[in-house]
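1. structural data only, the sequence is not supplied:
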């Protein structure tokens, strides 16, 4: 698959086939995420894969939190994206310039993950709304770490939607604002 095809194919899938996802494919997606750039090569992330049926059922319930993400109850695999300790040099930039690169770095890693998933025929949905405390407990994530995002992963069972995006003219300019 060409990169532009993966970009066009990637969407937020909220319906998945009742089929397990091969751990090898998930690890290929994590490997793509691992290769993303990060400020000062900090790589401030850890990816926790959830597949074991008993644990998956509990995580599905915690991901469908306060009436949101009802589709999570049918997700065949999750990947929790946990932030790791910030490098000292990055803390200096937070203080001096008010820039915390961790969010951008994780965004880049997740983009790589999702594009590789699309390339492998998998669907994903990036989830920011979930019961973090419960999922941290279930996955034994250390108290001082944060689950930044949850990724739903599976074989999509919904239609490829047409993308509606602003035009290039609306979002770009050359040499001046």
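-> Received it, and whenever you're ready, just let me know what you need. Just so we're clear, the structure is a prediction, and the values are computed from it rather than from any experiment.
2. specify the local secondary structure of residue 66.
-> coil (DSSP: H, G, I helix; E, B strand; the rest coil).
3. state the helix or strand in which residue 111 lies.
-> Taking DSSP states H and E as the definition, one finds residue 111 inside helix 102-119.
4. quick one, what contacts the nearest residue to residue 32 once chain neighbours are set aside?
-> Of all residues not flanking residue 32 in the chain, residue 116 sits nearest, at 3.6 Å (CB to CB, 6 or more residues apart in numbering). (Glycine included, C-beta is placed from N, CA and C.) Taking CB atoms under 8 Å, 6 or more residues apart in numbering, we find residue 116 in contact with 6, 28, 29, 31, 32, 33.
5. picking up where we left off before, buried stuff in the helix holding residue 111?
-> By 16 or more other CB atoms under 10 Å, the buried positions in helix 102-119 come out as 102, 105-106, 108-119.
6. any idea which helix or strand in the chain has the lowest mean pLDDT?
-> helix 88-97 (a mean of 64; mean pLDDT, DSSP states H and E).
7. which stretches in this structure count as strands?
-> Here the chain has its strands, by DSSP state E, at 45-50, 77-83, 123-127, 146-154.
8. distance to residue 138, mean neighbour count and mean pLDDT for these - can I get that in TSV?
-> As requested, these are exported to TSV (distance: least, CB to CB, whole Å; neighbours: other CB atoms under 10 Å; pLDDT from 0 to 100):
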stretch	distance to residue 138	mean neighbour count	mean pLDDT
strand 45-50	8	19	97
strand 77-83	9	22	97
strand 123-127	15	23	98
strand 146-154	10	22	97
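9. distance to residue 168 for the ones you listed - can I get that in TSV?
-> Shown next, in TSV, are the strands of the chain (distance: least, CB to CB, whole Å):
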stretch	distance to residue 168
strand 45-50	31
strand 77-83	30
strand 123-127	24
strand 146-154	28
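10. nearest to residue 174, of the ones you listed?
-> Across the strands of the chain, residue 174 has its closest neighbour in strand 123-127 (30.9 Å, CB to CB).
11. and for that closest one, what's in contact with it?
-> 10-14, 16, 63, 69, 71-72, 75, 110, 113-114, 117-118, 149-156, 158.
12. report the angle between that strand and helix 102-119.
-> Computed by axes from the mean of the first three to the mean of the last three CA atoms, to 10 degrees, the angle separating strand 123-127 from helix 102-119 equals 160 degrees.
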